[in-house]
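Enquirer: Fold the following for me, if possible:
(chains A, B, C and D)
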There are 2 protein chains.
Amino acid sequence: MGQDLPVTGYALLGLLTFGDELTGYELKQRADITMRFYWVSPAMSQIYSELARLSDRGLVAAVADDSGTSRYRITDEGREVVREWMTETPAGFPVLKHPVALRLLMGHLTDAATTRAMLERYVEELAAARRDLAEVRAGLVGRDEPGQNFHHPSLVADWGLAYFDSEARIARRTLRRMSADGP
Amino acid sequence: MGQDLPVTGYALLGLLTFGDELTGYELKQRADITMRFYWVSPAMSQIYSELARLSDRGLVAAVADDSGTSRYRITDEGREVVREWMTETPAGFPVLKHPVALRLLMGHLTDAATTRAMLERYVEELAAARRDLAEVRAGLVGRDEPGQNFHHPSLVADWGLAYFDSEARIARRTLRRMSADGP
DNA sequence: ACAGCCATGTAACTCGTTACATGATTAC
DNA sequence: GTAATCATGTAACGAGTTACATGGCTGT
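Expert: This is a model prediction of the structure:
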């Protein structure tokens, strides 16, 4: 039953549990607007190869629509496999690849202006990411109440917004601590 | 000059700029106590193969100590390559792989108790990670002032502590929002 | 007609992991 | 003496990326 899949495989299955039958292309778009904030946005090629694996194992079924395009739908077994994964295996601790923190660690190798510029740029990028996510969140309004289809996605989106706010606060605080020192 | 390296390569070079000559083994230990919080802890085998590449390119030099063990020291060229990387290339936005958020997204596939247990466990793991990092941070006290060797590492450690605190706050808030609903 | 999006895939490659193997030194 | 730690590597493999290739359909 519960053969292991790469987490990205479960993630794709998860995206297919919100009611729609999606093409590989559409799946990529969904991943780009939501999953990328707290997981990754897989490359197109990976989506297709992962879909092939899921299909091999009977976890998704491809149905050709009128125009001949393959639309993927999660099967009962697929639903069961995701459920089992969620209940039987621990989630694991987040992995963060934070190039800003990594470079800050080596701040002694450059001048303070370079580090400050990096942090300021990060604050701007955070603001842009926050705007994108806020837009996604706004699109869920009206379908985000407990019991509704997008309740959990809205919890996740709010998590992401709070995370971005926190990062911006921390980056600004670090900037203040740096300018307390010399140039 | 500035051939590209995997970021982990630059990270290892960075760890070698704090004054010591380190063995591969020691490098792994340093990575485990600090880098793992905001980058990754590379496997031993990767550290050795990465050191081989850095050595090939003349960015580190191996010197055999009295017992015959290889200790690695960053070269002037290595120092220059890191500096160039930091000043000439953008840091890039952090990549987060957050299995807790990913599973929360699919909360509709399990019962609320499972999701709550996951969040509670995450809060505990955050507390443990925070304790570990606080210990590291405490070890820097006295060498963490501006201009001192571990000023930047201490800024990064404080960043990490604030991040863990923020995550714990967000997870607890999510738990409250969930228990506002039914069981 | 041409640009841009929709749609799907293959091939080559890199990063990074786990498993395996080996042996020296240190602590109890 | 024997367990743990120090130390270094090889081999097999998997996930995921970029580059490349193809072709239909849609709007202007």
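Enquirer: Which parts of chain A are strands?
Expert: Taking DSSP state E as the test, the strands found in chain A are A:60-64, A:70-74, A:95-97.
Enquirer: which one of the ones you listed is the most hemmed in?
Expert: Stretch with highest mean neighbour count among the strands of chain A: strand A:70-74 (a mean of 19; mean count of other C-beta atoms under 10 Å in any protein chain shown). Backbone N, C-alpha and C define where each C-beta goes, glycine included.
Enquirer: looking only at pLDDT, what's the mean for that one?
Expert: For strand A:70-74, the mean per-residue pLDDT is 96.
Enquirer: Same question for stretch A:163-171.
Expert: Along stretch A:163-171, the predicted confidence averages to a pLDDT of 98.
Enquirer: closest one to DNA strand D among the strands of chain A?
Expert: The minimum distance between DNA strand D and the strands of chain A falls on strand A:95-97, with 10.7 Å, by C-beta to the nearest atom of the strand.
Enquirer: interface residues of chain A facing DNA strand C?
Expert: Near DNA strand C, the residues belonging to chain A are A:23-26, A:44-45, A:48-49, A:51-52, A:69-70 when assessed by C-beta under 7 Å from any atom of the strand.
Enquirer: now A:G92, nearest residue through space, not along the chain?
Expert: Of all residues not flanking A:G92 in the chain, B:P99 sits nearest, at 4.9 Å (C-beta to C-beta, 6 or more residues apart in numbering or on different chains).
Enquirer: was I right about the one you found contacting A:A91?
Expert: Yes - using C-beta atoms under 8 Å, B:P99 and A:A91 qualify as a contacting pair, with a distance of 4.4 Å.
Enquirer: Tell me how far the spatially closest residue to A:V156 that is not a sequence neighbour lies from A:V40.
Expert: Counting by C-beta to C-beta, 6+ apart, the nearest residue to A:V156 once its immediate chain neighbours are dropped is B:L105, at 4.8 Å. The gap separating B:L105 from A:V40 is 14 Å, by C-beta to C-beta, to the nearest Å.
Enquirer: Repeat that for A:A128.
Expert: Taking C-beta to C-beta as the measure, A:A128 and A:V40 are separated by 19 Å.
Enquirer: Have a look at those two and say which one is more surrounded.
Expert: Here A:A128 and A:V40 are set side by side on neighbour count (other C-beta atoms under 10 Å in any protein chain shown), and the busier one is A:V40, at 15 against 11.
Enquirer: Run through the residues that contact the more buried one.
Expert: The contact partners of A:V40, by C-beta atoms under 8 Å, 6 or more residues apart in numbering or on different chains, come to A:8, B:95, B:97.
Enquirer: With A:L15 instead?
Expert: Listed by C-beta under 8 Å, 6+ apart, the contact set of A:L15 reads A:22, A:27, A:30-31, A:35.
Enquirer: will you turn these into CSV that also has neighbour count?
Expert: Supplementary listing: the contacts of A:L15 in CSV, determined by neighbours: other C-beta atoms under 10 Å in any protein chain shown:
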residue, neighbour count
A:L22, 21
A:L27, 24
A:R30, 16
A:A31, 19
A:M35, 23
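Enquirer: So which of the residues you listed is the closest to A:V123?
Expert: A:M35 (24.1 Å; C-beta to C-beta).
Enquirer: I figured that closest one hits A:I47, correct?
Expert: No - with contacts counted by C-beta under 8 Å, A:M35 stays clear of A:I47, the gap being 11.0 Å.
Enquirer: Name the nearest residue to A:S154, ignoring sequence neighbours.
Expert: The shortest distance from A:S154 to any residue other than its chain neighbours is 3.6 Å, reached at A:D144 (C-beta to C-beta, 6+ apart).
Enquirer: how near is that neighbour to DNA strand C?
Expert: 25 Å (C-beta to the nearest atom of the strand, to the nearest Å).
Enquirer: and that residue, what is it in contact with?
Expert: A:150-151, A:153-154.
Enquirer: Generate a markdown table for those residues, with neighbour count, distance to B:D4 and pLDDT as supplementary columns.
Expert: Listed next are the contacts of A:D144 as a markdown table, based on neighbours: other C-beta atoms under 10 Å in any protein chain shown; distance: C-beta to C-beta, whole Å; pLDDT from 0 to 100:
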| residue | neighbour count | distance to B:D4 | pLDDT |
| --- | --- | --- | --- |
| A:F150 | 20 | 41 | 95 |
| A:H151 | 18 | 44 | 96 |
| A:P153 | 22 | 37 | 97 |
| A:S154 | 20 | 40 | 97 |
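Enquirer: just to revisit the earlier point, can you add pLDDT and give the contacts of A:V40 back as TSV?
Expert: What follows is the contacts of A:V40, written out as TSV (pLDDT from 0 to 100):
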residue	pLDDT
A:T8	97
B:V95	96
B:K97	97
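Enquirer: returning to that earlier point: counting neighbours, which of the residues of chain A next to DNA strand C comes out on top?
Expert: Neighbour counts for those were taken using other C-beta under 10 Å; the highest belongs to A:L51, with 22 neighbours.
Enquirer: residues of the helix ranked longest in chain A that come out buried?
Expert: Ordering each helix of chain A by length in residues (DSSP state H) puts helix A:151-179 first. Within helix A:151-179, the residues that qualify as buried are A:151-164, A:166-168, A:170-171, A:174-175, A:178, counting by 16 or more other C-beta atoms under 10 Å in any protein chain shown.
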